[in-house]
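J.: pasted the sequence and its predicted model underneath.
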Amino acid sequence: MPRRRSNASPRPPRDLPANEVIAFARRAEELGFDEVWVVEDLGFRGGIAQTAAVLASTTRLTVGVGILPAGSRNVAFAAMEIATLEELFPGRVVVGIGHGMPDWMRSAGAWPSSPLTLLREYTIALTALLRGEPGPVAGRYVDVAGVRLDMVPGTPPPVVWGVRGPKSLAAAGHVADGLILAEPSTPEYIRASVETAAFDTSRIGRRPPRLITYDIAVVASTDAAARELVRPMLGVISEPDWFPHIAPLPFAAEFVALREHTGSAEAFAAALPAEWIDTLTLAGTAERVRGGIAARHAAGATSVVLTPIGSDRIGWLHSRISQPSCRRNRSIALPARPKTHPWRTSSQRRLRPP
């Protein structure tokens, strides 16, 4: 029988101990999910190690890494790791790379003066090496000229960019196989990102680009109960880094005004109107969540990745969103450290449109 497909993928919740990540992935596979996405955050867990563990512990799941910061690894050694994963588990790896969170990368001494130049050079070199070609001519940051991998995968895994800004999105259309859009990934944000990227499908074999979207997800008996579960998670989106997600929305100006008025991430989250929470998350009754997933696919998403919260998160989501009418790719994500900056208070970073 053909494998049943639906329209969401899980990302394991933030508080899972490392030894429970494998159990989470196995349960995701048992429940019929097609993809699991892992994250690499500074001080949290490494993306390559998590990917290898999940692949080795499951039999059919595709595992996506979202994302590996370009500044954190020499590209030749990253290509070796990725090629090894693809050799061991062919067709089950998707590689996301990006700039990384600026504050985290600066604290690790890995933030370049031109992050986009680094990411572009890194991607060109990585894809060449994974195809078995020699490394390209040295650039400003990446110098692997003449390096060649002895072992290369028969089919290189897709390399997608996890980026936000318009310049980075536009560059992705020229060198990447797709995008990873961080939460919140509203339909408006998805469409705006795809339009800005303007992918050259002739470059990627005339295949449509992969478009992976992340969203906080919870299903409850009422929309109001779900909103209160996700509300504390939304303070971080008031930070300036998240404004590209908000700019395409009809309430963008009001969003900025609310952030300026409330003065802290916590107060901002507490003051969010219910209808904004409905827009910015996949939270609500089963019907509302299924509708939100469908809207993201209609906007162009190929994988809608859920970051579940609440008790029995994966089973709770699966039992309520898995319906015969919702049969596209099913994805869930492993835990990530909250993208906050503990050494800098929210009041020190005022939200401004770029």
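T.: Received, thanks.
J.: which strand is the longest one in the protein?
T.: The residue-count maximum for a strand in the chain (DSSP state E) belongs to strand 210-219.
J.: alpha carbons only: can I get the next helix or strand after that strand in PDB?
T.: Once the chain leaves strand 210-219, the next helix or strand it forms, by DSSP states H and E, is helix 223-230. The C-alpha trace of helix 223-230 is given here as PDB (Å, rounded to 0.1, in the frame of the first residue of the first chain):
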ATOM      1  CA  ASP A 223      -9.400  28.200  20.700                       C
ATOM      2  CA  ALA A 224      -9.200  30.300  23.800                       C
ATOM      3  CA  ALA A 225      -7.500  27.500  25.800                       C
ATOM      4  CA  ALA A 226      -4.900  27.000  22.900                       C
ATOM      5  CA  ARG A 227      -4.200  30.700  22.800                       C
ATOM      6  CA  GLU A 228      -3.300  30.800  26.400                       C
ATOM      7  CA  LEU A 229      -0.900  27.900  26.000                       C
ATOM      8  CA  VAL A 230       1.000  29.500  23.200                       C
END
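J.: quick check: phi and psi at Leu126.
T.: phi -60, psi -50 (degrees, to the nearest 10).
J.: ok, now how distant is it from Leu118?
T.: For Leu126, the distance to Leu118 (C-beta to C-beta, to the nearest Å) stands at 12 Å. For the C-beta atoms, the positions are set from N, CA and C on the backbone; glycine is no exception.
J.: which of the two has more neighbours?
T.: Leu126 (26 against 22; other C-beta atoms under 10 Å).
J.: ok, now which ones touch that one?
T.: Val75, Ala78, Ala79, Ile82, Val95, Ile97, Val159 (C-beta atoms under 8 Å, 6 or more residues apart in numbering).
J.: the first one is in contact with Ala125, isn't it?
T.: Yes: contact between Val75 and Ala125 holds when scored by C-beta atoms under 8 Å: they sit 4.7 Å apart.
J.: what about those two, which has more around it?
T.: The neighbour count for Val75 versus Ala125, taken as other C-beta under 10 Å, is higher for Ala125 (28 against 24).
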